[in-house]
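In: Just a sequence and a predicted model for now, questions to come.
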Amino acid sequence: PACLPILHGRPADALVAAAIHVFVSETMALRRCQPCSAALGAVNPQKGLLRLHCAATAAIAAPRAAVPGKIDADSSSSSSLSPRHHWQRGKQALSHTVSDSRDASIGIQGRIAGCVNVHDLLAVLREIPLPTWSGRNLATSWHRLVRGGVHRRGGGGSPHLQSGHQIRRVEKDLKNEVASQLADELEKRRPRDLEPRELATILWAWAKLRFVRSQLLRSFCAEVHDRMPEFNTRDIANVVYGLGLLHARDKRLLGAVCEHLPSRFAEFGRQELSNIMYGLALNRFSHTSFLDSACGFLAGRVRHLNEQEMANMTYACALLLFRHGSFLESVCDEAAARIYEFKAQGVSNLVYAIGVLRFGHIPLLKAACQHSCGELRAWSEQGIANTVYALGLLGFKHTGFFEAVAASMHDR
């Protein structure tokens, strides 16, 4: 009842006072204050203030609540305490609760960050209840799940695993078990309670694990769409790249990304733009104005790209059948001069891309063929086939390269 006078006052004061009064009542097994409970429910029934527990319990219980019919140690009667006094005590209690909750989250974070394999992560899951984990804890767990294998510290792994196939099968089963538990917990929470970095990290991890829960994925995509300006360039790139790997063609989100990004090109790193273009290409999501802006922006900056970025961006344009003359000219000129930097996959992707786009750049084609003649042992069959096919599309014949290809077939 002492809370009632301020329930009609400042909203923040009312919410905190009501939350503390209800929680203290539940913690100390006192009679619940119905008006406070109703006020909280009207504001936000799932905000989480009433779900604080564990370390928070001690902090909340420390300031002694006024029990009806008993004398409070700090005053002659609970009814003699002013509403402002209740508010000050409540604010102090909430401050301690949030501090303890944050400390608990940091402790969990340290445990998760120290996990080197799936066994370690499972041990943490079994020891610490998931409802006590923060969004950061969950995001880090997904990230560790991608990076961790099944081997325990000191190498070796489990002695009963006799083959690579068995190891991969056990690893997949364990990762599925952890992923299922983490996803179950995420389904109980609202995406809006996660930070942009946490949303992006989880989406990226789902992509690497090829993990899909359709409804959860849709809710995350909707949240990213609604909070796009809050995301930094790295997080946007991870989201688009992740959706590409999952082949999750969320037109609403991808369209919003393409509309949003041109004004922020100066913020993006080379790898981030490369991942965005490649992610869009994997989903076959072509947005002409974005691609035109991106290629125009990159055309004068090609000399700053590494071989993988040049190859991937050009390959993305090929998958989307988007031909930007000045960008392709700049890439081909730069690649021809730096062909010695390219790995087999990069050469194959680049030649295949300009072949599909019918962009016959003779200096690059000559340089690529000459460079690759003695390197074909490092090439995959698919890479060789794609390169020969692209040269055919362009009507370009390089006898030395074709002879090297023919000779390499004897060893395959």
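Out: Yep, it's here.
In: Averaging pLDDT per element, find the lowest-scoring helix or strand in this structure.
Out: helix 55-61 (a mean of 34; mean pLDDT, DSSP states H and E).
In: pLDDT weak spots in the stretch 201-350 of the chain?
Out: By pLDDT under 70, the stretch 201-350 of the chain has no low-scoring segment.
In: what are the ranges of the strands in it?
Out: Assigned by DSSP state E, counting those that start in this stretch, the strands in the stretch 201-350 of the chain number zero.
In: Need the residues that contact the helix or strand hosting Asp120.
Out: Element membership of Asp120, judged by DSSP states H and E, is helix 118-127. Residues outside helix 118-127 that contact it (C-beta atoms under 8 Å, 6 or more residues apart in numbering) are 108, 111-112, 114-115, 141, 144-145, 148-150, 152, 171, 174-175, 177-178, 181. C-beta here means a position set from N, CA and C on the backbone, and glycine is covered the same way.
In: among the residues you listed, which are in helices?
Out: Judged by DSSP state H, helices contain the following of the contacts of helix 118-127: 108, 111-112, 141, 144-145, 171, 174-175, 177-178, 181.
In: quick one: which two of the residues you listed are the most distant?
Out: Ile108 and Glu171 (23.8 Å; C-beta to C-beta).
In: the more surrounded of the two?
Out: Ile108 (21 against 18; other C-beta atoms under 10 Å).
In: Check the burial of the nearest residue to that one once chain neighbours are set aside by counting its neighbours.
Out: Distances taken as C-beta to C-beta, 6 or more residues apart in numbering place Asn137 nearest to Ile108, at 4.9 Å, with adjacent residues excluded. Neighbours of Asn137 under the rule other C-beta under 10 Å: 24.
In: what about Asn137, distance to Thr288?
Out: Asn137 sits 42 Å away from Thr288, going by C-beta to C-beta, to the nearest Å.
In: With Ser326 instead?
Out: Ser326 is 16 Å from Thr288, where distance means C-beta to C-beta.
In: measure the residue sitting nearest the centre point of the chain to Gly135 for me?
Out: Nearest to the mean C-alpha position of the chain, by C-alpha atoms, centre = their mean, lies Thr201 at 2.0 Å. Distance from Thr201 to Gly135, counting by C-beta to C-beta: 10 Å.
In: Report the contact partners of the residue lying closest to Val146 once chain neighbours are set aside.
Out: Using C-beta to C-beta, 6+ apart and skipping residues adjacent in sequence, the residue nearest Val146 is Lys208, 4.6 Å away. Neighbour list for Lys208: 146, 242, 245 [criterion: C-beta under 8 Å, 6+ apart].
In: what bits of the stretch 51-200 of the chain have low per-residue confidence?
Out: By pLDDT under 70, the low-scoring segments of the stretch 51-200 of the chain are 51-105, 149-165, 167.
In: what's near enough to touch Phe211?
Out: By C-beta under 8 Å, 6+ apart, Phe211 lies in contact with 179, 183, 205.
In: What's the local residue count around the closest residue to the last one other than its chain neighbours?
Out: Right, the one you point to is Ala205. Nearest residue to Ala205, sequence neighbours excluded (C-beta to C-beta, 6+ apart): Trp142, at 3.7 Å. The local packing of Trp142 (other C-beta under 10 Å) involves 25 other residues.
In: Repeat that for Arg264.
Out: 12.
In: What residues does it make contact with?
Out: Thr233.
In: With the one 10 residues further on instead?
Out: Contacts for Ser274 (C-beta under 8 Å, 6+ apart) come out as 305, 308-309, 312-313, 316.
In: ok, of these, which come out buried?
Out: 305, 308-309, 312-313, 316 (16 or more other C-beta atoms under 10 Å).
In: Cross the residues you listed against helices and list the overlap.
Out: Those of the buried ones among the contacts of Ser274 lying in helices (DSSP H): 308-309, 312-313, 316.
In: so can I have CSV of the residues you listed showing distance to Arg126?
Out: Putting those into CSV (distance: C-beta to C-beta, whole Å) gives the following:
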residue, distance to Arg126
Gln308, 40
Glu309, 42
Asn312, 41
Met313, 45
Ala316, 43
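In: Taking those, tell me the two that lie furthest apart.
Out: Taking C-beta to C-beta, no two of these sit farther apart than Gln308 and Ala316, at 12.1 Å.
In: From Ala337, how far off is the closest residue to Glu272 other than its chain neighbours?
Out: Nearest residue to Glu272 in three dimensions, chain neighbours excluded: Ala237, at 3.9 Å (C-beta to C-beta, 6+ apart). As for Ala237, its distance to Ala337 is 28 Å (criterion: C-beta to C-beta).
In: Compare the two (neighbour count), which wins?
Out: Between Ala237 and Ala337, counting by other C-beta under 10 Å, Ala237 is the more crowded of the two (26 against 13).
In: List the contacts of that one.
Out: Contact partners of Ala237, counting by C-beta under 8 Å, 6+ apart, are 268, 271-273, 275-276, 279.
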